[in-house]
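Q: Turn this into a model:
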Amino acid sequence: SLTELADRAGISKSTLSLIESGKANPTISTLWAIADALEVPFGLLIDVNNIIEEDGISVRLIERLNNSEVYIMKFRPKSMRRAAPHAGGVREHVFVAGGSILVGPAESPKLVGKWETHDFRGDVPHVYVSLDDPSLAVVVVEYEVRA
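A: Below you'll find the predicted structure:
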């Protein structure tokens, strides 16, 4: 039910109702909360090339693959995203194409510069933080294949 999903996602029933009816533009965090509550990939909730923005960060799904999704993330200077843990077994693979970002598990993020990569578990709290310059990254979210 709508009430149960809202409770599981940690959002209000009215917010969920507005999103469902197309009367609200959900944030990245809200969509991830709904996807995690439904136990589905984030990309199933948005269309390819749809841009979602929140706190100086934009995310655009560019491709869905069998068990992964490919995103372009753009960061304004000094923007930050704190991400709640995703479903068990999720991994994130980050390639920085411009600028530099601090990314990875919240307890031990890594500074990743232009042309560098970083892979980490997405099923733990994690962060994406841009520094003084705008940044651009390609992110692949890989979901665990379940029987």
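Q: Not counting residues beside it along the chain, what's closest to Ala106?
A: Once flanking residues are discounted, Ala106 sits nearest to Pro125: 4.3 Å by Cβ to Cβ, 6 or more residues apart in numbering. All C-beta atoms are positioned from the backbone trio N, CA, C, and that covers glycine.
Q: And for that neighbour, the neighbour number?
A: Residues near Pro125, counting by other Cβ atoms under 10 Å, number 12.
Q: Just the pLDDT at it, thanks.
A: Looking at Pro125, its pLDDT reads 96.
Q: do His86 as well
A: 87.
Q: Now do the buried residues in the helix or strand hosting Val141.
A: Element membership for Val141, per DSSP states H and E: strand 135-142. Across strand 135-142, burial judged by 16 or more other Cβ atoms under 10 Å covers Ser135, Leu136, Ala137, Val139, Val140, Val141, Glu142.
Q: Then stretch 95-115?
A: Under the neighbour-count criterion of 16+ other Cβ under 10 Å, stretch 95-115 has Phe95, Val96, Gly99, Ser100, Ile101, Leu102, Val103, Gly104, Pro105, Pro109, Val112 buried.
Q: Report the two of those separated the most.
A: For these, the farthest-apart pair by Cβ to Cβ is Gly99 and Pro105; their separation is 20.7 Å.
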